[in-house]
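*Asks:* With the input below, show me the fold.
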Amino acid sequence: MPAPLILLVDDDDSLATLLGNRLRREGYDVKSCEDLARAHELLSDHLFDVILLDVMLPDGSGFDFCAGLRDRNIPTPVLMLTARGDVTDRVTGLRMGADDYLPKPFDVAELLARLEALRRRAAHNGRVRRASFSSAPSSSTSTGRRYRETAGPSSSRAGSFRC
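*Replies:* Here you go, the predicted structure:
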């Protein structure tokens, strides 16, 4: 059985590298990118089990990207992984089609548990390995702002990523 395939979309290179390495050690196969244009390309080439998606990306909004997945009837579980942790942001993400929302900083153990839960629900609902675009993405509404998060292990909690 192949390793579960995760798409990690985050413009923070440090976080993407650290998280990608940890997920690989946990038995996942990870494809990562720092912008939505590349995410669309990867979705046209691979079938993903889960998408980990930041909100503020250099070329658009993760909220809009997630809504676009749902508009295309792509049921792959999406976990928003972002520094935007206000209740209004979490509600927006979930209403735009995210299956879960984890604000940064987060504990890796919690992320891993959430990934397991998403995969379990997806398998139960017959939604495993279906994220793939067959056509070019529609234009997204970009905020026009570049939002850069700083990441690094939290000194207070081992296994956490601090933003």
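*Asks:* how about the strands in the chain?
*Replies:* 5-9, 29-33, 50-53, 56-57, 60-61, 78-82, 100-103, 106-107, 152-153, 160-162 (DSSP state E).
*Asks:* Lowest average confidence across those, which one?
*Replies:* Note on the strands of the chain: strand 152-153 shows the lowest mean pLDDT, a mean of 32.
*Asks:* Which positions in the longest helix along the chain come out as buried?
*Replies:* Using DSSP state H to define each element, the chain has its longest helix at helix 108-124. Buried positions in helix 108-124, judged by neighbour count with 16 or more other C-beta atoms under 10 Å: 108, 111, 114, 115, 118, 119, 122. Any C-beta I mention is one placed from the backbone N, CA and C, and that applies to glycine too.
*Asks:* Could you find which two of these are furthest from each other?
*Replies:* Between any two of the buried residues of helix 108-124, the greatest separation by C-beta to C-beta is 20.7 Å, found for 108 and 122.
*Asks:* Quick check: the gap between residue 88 and residue 14.
*Replies:* Distance, residue 88 to residue 14, by C-beta to C-beta, to the nearest Å: 27 Å.
*Asks:* and those two? which has more neighbours close in?
*Replies:* Ranked by neighbour count (other C-beta atoms under 10 Å), residue 88 and residue 14 place residue 14 first, with 13 against 8.
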